[in-house]
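Peer 1: Structure for the following, please:
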Amino acid sequence: MEKGLGNRAMIAAVKSARAIAAYYGRKKPDKNDLDLALYFAMNHRSKDVKKPEINNNINNDFDHKDNKDGSNENDKSSKNDYEIHNQKGNEKDVKSVEFRIKTSNDSGRVSTGSGFNRASFRPGSHLDIHGTLLNMAMNMDKSVMPYDLSFKSRISQGSMPFIIAVDASKSMKFKSRINDAINISSMILKEAYVKRSRVSLVSFSGTQASLISWFSRNFSSIEASLRSIKSSGKTPLADALRLCADISKRYNKKTVSFFLTDGRGNYPDASYKRIYDAAEYLGRYSRVFVINDDDFLPGYNKAIADASNGIILKKDENLIFEIKSRIL
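Peer 2: All right, here's what the predicted structure looks like:
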């Protein structure tokens, strides 16, 4: 099959080839089925996919079967023509059928094509080859009819934007907490990659919280930034909570925030109210998950979870499973 195509594209082509083979009564697709499926499914993705030569014997085989059963008569004058019914119920003989799919750069006007009216569809939709061929087979059509067409969205609606906030203060050096936080963040990145979620990275230490990376799917770059974080200075916990809230508000979509911290905020002061108010503010725009490092530390993690209506997750071997079951 063609090189340079992604896994999703290849899967779509294989499914389409199987549907074509099933339509013509074959258990396994042959090379012609694969070539035809590649052209229908991939010609808009790659210039390397060439239009195959259509095997006219396929249509002749169907006509032969019809004549053998005495249920239909073959048109001797035009074996390659198809009968297509337009919206008024009239019949026309046409050599080919063309489809136009509306995109974001398309005016969307309805115009007449070869044999029937071309349909206008909402922006962002694209043709589901596999579903269309299945509809065609179930409707017993020799060619694709307008009512056979199936469409689906290009954009995954299930992905959630993630914010990973890593405490890089001096207290995170104790028991290598900073290394554990980085490793856990890396595992969250892998799950985000699988779910096609965008990730933003925040680090806080010293006297400020910093946005390291805006929402992105460039996971290699985020991973490199994550591995470069070093622990030092104080813990501006309230500032980090407010920064994550501002990021979520600006993104204008509900986010999921992961806080990897020992919960020992001490800058500009250890004010419970300051941290509680900041966590409450974050809870308006994000689902908050605090990954607790040590149950014996008198930190602010419980206060953050309570104020933001969030959840505390324990750092153990079941952590990623808990994240998957609650979010992903």
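Peer 1: From here on, just use CA atoms for contacts and neighbour counts.
Peer 2: Fine.
Peer 1: So what are the sheet partners of the longest strand seen in the chain and their directions?
Peer 2: In the chain, assigned by DSSP state E, the strand with the most residues is strand 208-216. Next to strand 208-216 in the sheet, as set by DSSP bridges, lie strand 199-205 (antiparallel).
Peer 1: The longest strand of the chain: what's the following helix or strand?
Peer 2: helix 219-227 (DSSP states H and E).
Peer 1: Mind listing residues that contact that following helix?
Peer 2: Among residues not part of helix 219-227, those counted as contacts by Cα atoms under 8 Å, 6 or more residues apart in numbering are 182, 185, 186, 189, 193, 201, 212, 213.
Peer 1: Buried residues, that helix. List them.
Peer 2: Using 16 or more other Cα atoms under 10 Å as the test for burial, helix 219-227 gives 219, 222, 223, 226.
Peer 1: Tell me the one among those nearest to residue 205.
Peer 2: Looking at the buried residues of helix 219-227 and their distance to residue 205, the nearest is residue 226, at 14.0 Å (Cα to Cα).
Peer 1: And the helices in the stretch 151-300 of the chain?
Peer 2: Read by DSSP state H, counting those that start in this stretch, the stretch 151-300 of the chain holds these helices, from start to end of the chain: 177-194, 219-227, 237-251, 272-283.
Peer 1: so what's residue 216 up against?
Peer 2: For residue 216, the contact set (Cα under 8 Å, 6+ apart) comprises 198, 199, 200.
Peer 1: list the buried ones in the strand or helix carrying residue 312?
Peer 2: Here residue 312 is covered by strand 311-314, with elements defined by DSSP H and E. When neighbours are counted by 16+ other Cα under 10 Å, the buried residues of strand 311-314 are found to be 311, 312, 313.
Peer 1: For it, give the mean pLDDT please.
Peer 2: Taken as a whole, strand 311-314 has an average pLDDT of 88.
Peer 1: Which elements pack onto that strand?
Peer 2: strand 286-292, helix 301-308 (3 or more Cα pairs under 8 Å, 6 or more residues apart in numbering; DSSP states H and E).
Peer 1: give me that answer again for 10 Å
Peer 2: strand 255-261, strand 286-292, helix 301-308, helix 319-326 (3 or more Cα pairs under 10 Å, 6 or more residues apart in numbering; DSSP states H and E).
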